[in-house]
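Participant: next come a sequence and a model predicted from it.
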Amino acid sequence: MKLAELARKLDCQLEGDGDLEITGVAGIDRAQPGEITFLTNPRYKPWLKQTRASAIIVAREAEPPGLPCLRSDNPYLAFARAVELFYQLPRPAPGIHPTAVIAKSAQIGPNASIGPYCFVDEEVTIGKNAVLHSFVAIYRGAKMGDDFFAHSHAVVREFCRIGHRVTLQNGAMVGPDGFGFARRADASYHKIVQAGTTVIEDDVEIQANACIDRATVGETRIRRGTKIDNLVQVGHASTVGEDTLLCAQAGLAGSTHIGNRVILAGQVGCAGHLTVGDGAIATAQTGIPNDVPAGQIVSGYPAMENKLWRKCAAVYARLPELQKTVRELKEKWMGQN
């Protein structure tokens, strides 16, 4: 594809030779002649002198990079769209593999591809253009919209509801039992039947080995456009708002309510029965025991405003020095008295 054509498709401003032939996309440190790369993180700026890429995607206000470029208001998004132009995700041909087990009452939409050893239970409804890779299991009464894509070993449990254009990566679990047990007088535990369900709205992606528990009663709900990373745990009766990011190993205890456009970075933990407001951000390994106001950035445990946490972290690194100073001052004071 000519660089000028690529600029047009990405709605970017072209600087340099538009007749350059672009054959692929690569990172700035690995790009080869014929490939286009991108620069958004200043940490990679020194690579501009070393990269072998033929062209680069940069911000509109960026300094001239020294090679043909495409200028964009959102260079990372332009890069993502460029990848789509050069790489198409393999899609299995429509049809049902002979080893798949499909219940007679299941309703499968047109153009579906159902792979080896899949199981689709009674009263399941799946929309058009679905892809179920090998060993996918869909339990009784579950309903999925159009363009559902489930990778190997994904599971959708009984009576769950999934919207349109939802992707489940390998091993993703939708609607397993929530962690509900009542303690008996003898300190043993009685399992509480998880009679609720899980609802996944449109355009959600749930990545590998993440788990969205069903509610004890009512529902657990993931709202439109949210992206859930590998090994994330969403506890029963929780709600997650629109266009929110839950990053790797984040965990929500039961009845946690996460707002719209929230970012919980890696290994963030929420104690449950709390609310994180719209637009809030929790940095990696934050522990959240209480509500977080909308728009606030929090860090540390217990979660505190990020600027305060950074000051505390700076002091913590100096504690041995401060302890020594306090000891010396105490000895001096005792010597004088």
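Facilitator: Received it, and whenever you're ready, just let me know what you need.

Participant: which stretches of the stretch 151-300 of the chain have low pLDDT?
Facilitator: Along the stretch 151-300 of the chain, the model assigns pLDDT under 70 to no residue.

Participant: let's see that with 90 instead.
Facilitator: For the stretch 151-300 of the chain, applying pLDDT under 90 flags the ranges 272.

Participant: flag every buried residue along stretch 173-180.
Facilitator: By neighbour count with 16 or more other Cβ atoms under 10 Å, stretch 173-180 contains the buried residues 173, 174, 175, 176, 178, 180. From N, CA and C alone the C-beta is placed, and that goes for glycine too.

Participant: partners of residue 55 in the sheet?
Facilitator: Judged by DSSP bridges, the bridge partners of residue 55 are residue 36.

Participant: cool, and residue 138?
Facilitator: residue 120, residue 156.

Participant: which of the buried residues of stretch 173-180 sit farthest apart?
Facilitator: Largest separation among the buried residues of stretch 173-180 by Cβ to Cβ: 174 and 180, giving 17.5 Å.

Participant: now residue 192. Nearest residue, chain neighbours left out?
Facilitator: Leaving out its chain neighbours, the residue that sits closest to residue 192 by Cβ to Cβ, 6 or more residues apart in numbering is residue 180, at 3.7 Å.

Participant: ok, residue 160 next?
Facilitator: residue 175 (4.0 Å).

Participant: cool, and residue 273?
Facilitator: Once flanking residues are discounted, residue 273 sits nearest to residue 255: 4.8 Å by Cβ to Cβ, 6+ apart.

Participant: quick one: the one you found and residue 238 touch, right?
Facilitator: Yes: counting by Cβ atoms under 8 Å, residue 238 is a contact partner of residue 255 at 6.3 Å.

Participant: more neighbours: which of the two?
Facilitator: Applying other Cβ atoms under 10 Å to residue 255 and residue 238 shows that residue 238 carries more neighbours, namely 26 against 20.

Participant: ok, now which ones touch that one?
Facilitator: With contact set as Cβ atoms under 8 Å, 6 or more residues apart in numbering, residue 238 has these partners: 213, 220, 221, 252, 253, 254, 255, 256, 257, 258.
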